[in-house]
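> Dropping a prediction and its sequence here:
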Amino acid sequence: MTMTSIAQLIIGVTDLAAALLFMYGLKRMSSPVTAPSGIFVAGVGMLVAVLASFFYVFDVGATAKPHLMVNVGLGVVALIVGGGVAWWAGKKVAMTAMPQMVAIYNGMGGGAAGAIAAVELFGGKAPGTTQLVVTLLGALIGAISLSGSLIAWAKLQGVIKKPLRIRGQQYFNIFVLLGTLAVAGYLVYVAQGASSQLLPTPQLIYLFFGCALIYGILMTLPIGGADMPVVISIYNAATGLAVGLEGFVLGNPALMIAGMVVGAAGTLLTLLMAKAMNRSVMNVLFTNFGGAPKHKAGHIKGSMKPTAAADAGIFMRYAKSVIVVPGYGLAAAQGQQKLYEFVKLLQAAGVSVKFAIHPVAGRMPGQMDVLLAEAGVPYDLIFQLDDINDEFKTTDVALVIGANDVVNPAARTDKSSPIFGMPILNADQAKRVYVVKRGQGKGYADIVNALFYADNCNMVYGDAAAVLTMMIEAVRGLGTKAAA
Amino acid sequence: MDFSIHITGFVALYIFMLAAFAGWVIIGHVPAILHTPLMSGSNFVHGIVVVGGMYALLNSSTMQEQVIGFFAVLLGAGNAAGGYAVTGRMLAMFQTSGQKTHHAKDRHAKARHLKAT
């Protein structure tokens, strides 16, 4: 056997193993009991495949042979720098900033797929029309995923604060997309051997990537921050698809399988999230959510009734049952530890406490689950919308912390509300509702919340962590008095 | 022997079809509590693009290809390493109240230890 075929054998076997480990790892990740080992299994697959990729040195084309040492050096540097920085950032980032980190890493994957396509295109390496078309398609999707993910990051990070909407924007976006496709089509036409062309091929490739990147930006800019979870999930699936397509171009089945598995899984996750918000994916992408006519405050009867944190805390201490509804405000205030401390005090006093999580609470589906888990809350105290919604009727107190739109009864009753039809947590049906909120402002979707004006609702203004500290002190104070 | 892989049109479509079906089924019954870790986990998995980046880089013969190939590997490695770090951190936090027996056991062990001394 030659060195080339040994290298091919090693790469073939390791890539096969990697594809298997990825699928098995994802399967394990889909249950809470086996999830932590799932990522390890997938990680082993990745490590093996990356190490084996160095065996490509025995299988390079004749033109690349003279550059081999430089290329290997570049590869090692890129692996160490790219992997090292991302690893360090991923370990260091606060749990609340996870969604934007996922957006960044996803954009990097899309960018890598686009870059691979660029190498193929500039080198004129596609052996046939099919390969060329697939390369261009993967490049388009990868580039959109890169620039779109970066905009999603900027929105979640608060760099871009307001959705940017201009009249006729959707038509302009479609125009840009069609323009990009036209450039791609022209590239294919040129590759067929056109006698004269409008622009030299390299310039056409630059134009193609430029248009695709701009389309990703334009597509994401008008989407409101509250919809970013769905958008990130879409781009995650898109990157998977782009990786799968480039895998076909490179003749690498591991990339094809991993990419397509993620493409399908990501699509399903996107649909699940959109369903949780009672909206279609098309609606998220192409409707100006929150741009609908604003609700007039005059519609709502009653007033917001503020109360002291200590009073609310003591009231809950003597309640039989409490359901906590956490939202992004809790995460932003880093109040999850304090919340669990307070909950443990209530439990010690014999109060039954449960957590109710709305599917889109936080900035990403399941983010609140992760944050509560971080604080040490056992996940069997955490209930999802369908499992707990009927219990609010029989519950003494609903404690809403930093959540707003997900408990807005307007979603059930008010047809003119932009969130009408979205399933909400029925916190308003509890005998008493306490809402911990930073100020009198509106939620992320910028809609007035009728719950805050309801007769059974009291507002506790302040930073979630500070309010919880006051509640803890108030309840502890009772304890020492009782002992004395 | 020849171990090189050639995938042509229909074979590719079969691979894509089966992989897409597998992805759909694997995620099928995931509880909402795992949506974020799973999105992050699948984000990690497409970090395999780094291997494609290595192939493209090692086969580069011009400065332009080398620069773009370098970025392909850089970005792909970031996707893989960052995705793993973030997903690992999220998943490490999951525990049931059942696992609290751990701590109970520790306490028993300590009590026994105290008795013995």
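Received the coordinates, thanks.
> what about residue 51, helix or strand, and which?
Defaulting to chain A. Residue A:51 belongs to helix A:35-52 when assigned by DSSP states H and E.
> not quite, I wanted chain B
Secondary structure assigned from DSSP H and E places residue B:51 in helix B:49-58.
> does any part of whatever helix or strand comes next after that helix sit near chain A?
Beyond helix B:49-58 on the C-terminal side, the first helix or strand identified by DSSP H and E is helix B:63-91. Yes. For helix B:63-91, a contact with chain A is found by C-beta under 8 Å from any C-beta of the partner chain, at B:64-66, B:68-91. (Glycine included, C-beta is placed from N, CA and C.)
> Which residue ranges of the stretch 251-400 of chain A form helices?
A:253-276, A:281-286, A:309-317, A:328-332, A:336-348, A:367-375, A:385-388 (DSSP state H, counting those that start in this stretch).
> residues of the last one that come out buried?
Residues of helix A:385-388 classed as buried by neighbour count (16 or more other C-beta atoms under 10 Å in any protein chain shown): A:385, A:388.
> can you check the fourth one too?
By neighbour count on 16+ other C-beta under 10 Å, the buried set for helix A:328-332 is A:328-332.
> What lies in contact with it?
With C-beta atoms under 8 Å, 6 or more residues apart in numbering or on different chains as the test, helix A:328-332 has contacts from A:95-96, A:336, A:339, A:361-363, A:367-368, A:371, A:401-404, A:436-438, A:444, A:464.
> quick one on the thing from earlier: for the record, mean pLDDT for the helix holding residue B:51?
Per-region confidence: helix B:49-58 scores 94 on mean pLDDT.
> which of the helices of the stretch 251-400 of chain A has the lowest average pLDDT?
It's helix A:281-286: among the helices of the stretch 251-400 of chain A, that one has the lowest mean pLDDT, namely a mean of 76.
> list the helices and strands it packs on?
Using 3 or more C-beta pairs under 8 Å, 6 or more residues apart in numbering or on different chains; DSSP states H and E, the elements in contact with helix A:281-286 are helix A:228-250, helix A:253-276.
> Report the contact partners of residue 22.
Went with chain A since none was named. Each residue near residue A:22 by C-beta under 8 Å, 6+ apart is listed here: A:42, A:45-46, A:257-258, A:261, B:45, B:48.
> my bad, chain B
If you count contacts by C-beta under 8 Å, 6+ apart, residue B:22 has them with A:23, A:257, A:261, A:264.
> can you give me phi and psi for residue A:376?
In terms of degrees, to the nearest 10, the main-chain angles of residue A:376 are phi 100, psi 10.
> I meant residue B:3, not that one.
Backbone dihedrals for residue B:3, given as degrees, to the nearest 10, come out at phi -110, psi 10.
> What about it, how many residues nearby?
Counted with other C-beta atoms under 10 Å in any protein chain shown, the burial measure for residue B:3 works out to 16 neighbours.
> Skip the chain neighbours and tell me the closest residue to it.
Nearest residue to residue B:3, sequence neighbours excluded (C-beta to C-beta, 6 or more residues apart in numbering or on different chains): residue A:8, at 3.8 Å.
> Am I right that the one you found is in a helix?
Yes. Read with DSSP: H, G, I helix; E, B strand; the rest coil, residue A:8 is one of the residues of a helix.
> Next up, the contacts around it.
Counting by C-beta under 8 Å, 6+ apart, residue A:8 makes contact with A:55, A:59, B:2-5.
> which helices and strands does the helix holding residue A:51 pack with?
Packing contacts for helix A:35-52, counted by 3+ C-beta pairs under 8 Å, 6+ apart, involve helix A:3-29, helix B:35-45, helix B:49-58, helix B:63-91.
> Any chance of JSON lines for those, columns distance to residue A:117?
Below are these laid out as JSON lines (distance: least, C-beta to C-beta, whole Å):
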{"stretch": "helix A:3-29", "distance to residue A:117": "20"}
{"stretch": "helix B:35-45", "distance to residue A:117": "20"}
{"stretch": "helix B:49-58", "distance to residue A:117": "9"}
{"stretch": "helix B:63-91", "distance to residue A:117": "9"}
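> what about chain B, any weak spots by pLDDT?
By pLDDT under 70, the weakly predicted segments of chain B are B:1, B:94-117.
> residues from the stretch 301-450 of chain A in reach of chain B?
Counting by C-beta under 8 Å from any C-beta, the stretch 301-450 of chain A sits next to chain B at A:357, A:359, A:364-367, A:369-370, A:373-374, A:376, A:378-382, A:384.
> Try it again at 10 Å.
Contact residues of the stretch 301-450 of chain A with respect to chain B, defined by C-beta under 10 Å from any C-beta of the partner chain, are listed as A:357-360, A:362-387.
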